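Visitor: Build me a model from this:
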Amino acid sequence: MASLWTFILIGAVIYFFWLNRKIAEAANVHAKRQSEQLQVQLMSVACNKRRFGILKSGKPGMKSEFIFEFSSDGENAYQGVLIMEDEKLKSVVVPPHRI
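Guide: Coordinates of the predicted model:
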C-alpha cells in the first residue's frame, strides 16, 4: 500500500511540474504577442503569483500572474502584467510608456 501512495505522489509531482511548464510557455507566447502589438522589445517574463482555484468556467485550475518587462526606447524598462487562468489569457495590464 505504501508503494501505491509513493507512485501517486510521484505522479502528482510530475503532473504539476508539467502543468507549470505548460502555463509558463503559454505566458511567454502571450508576452511576445503583446510586445509585438505594442511594438516594443520584450526583455523578460517571470511568474509573480500562482495558486489553485475555481476558474470562471467553474472548473478547478491554476490562476497565475506573470510580469513581463519591456522597453520602448532601449533605455527605460517597464513592467506589464499578464493575468491567466490555466493557459488562457484573461487580462493584460500595461503601464504608460514612451513610444
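Visitor: now the helices for the chain?
Guide: For the chain, applying DSSP state H gives helices covering 2-38.
Visitor: can you tell me which residues contact the residue nearest the centre of it?
Guide: What sits nearest the mean C-alpha location of the chain, by C-alpha atoms, centre = their mean, is residue 27, with 4.0 Å. Applying C-beta atoms under 8 Å, 6 or more residues apart in numbering to residue 27 gives the contacts 45, 47, 64, 66, 68, 82, 84. (Glycine included, C-beta is placed from N, CA and C.)
Visitor: swap the cut-off to 10 Å and go again
Guide: Each residue near residue 27 by C-beta atoms under 10 Å, 6 or more residues apart in numbering is listed here: 45, 46, 47, 64, 65, 66, 67, 68, 82, 84, 87, 89.
Visitor: got TSV for the residues you listed, with pLDDT and distance to residue 18 too?
Guide: Below are the contacts of residue 27 laid out as TSV (pLDDT from 0 to 100; distance: C-beta to C-beta, whole Å):
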residue	pLDDT	distance to residue 18
45	96	19
46	95	20
47	94	15
64	95	15
65	96	20
66	97	18
67	96	23
68	95	23
82	96	20
84	95	16
87	92	12
89	94	20
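Visitor: Now tabulate these in a markdown table and tack on distance to residue 16.
Guide: Listed next are the contacts of residue 27 as a markdown table, based on distance: C-beta to C-beta, whole Å:
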| residue | distance to residue 16 |
| --- | --- |
| 45 | 20 |
| 46 | 19 |
| 47 | 14 |
| 64 | 13 |
| 65 | 18 |
| 66 | 17 |
| 67 | 21 |
| 68 | 23 |
| 82 | 20 |
| 84 | 16 |
| 87 | 15 |
| 89 | 21 |
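Visitor: This completes my enquiry, with thanks.
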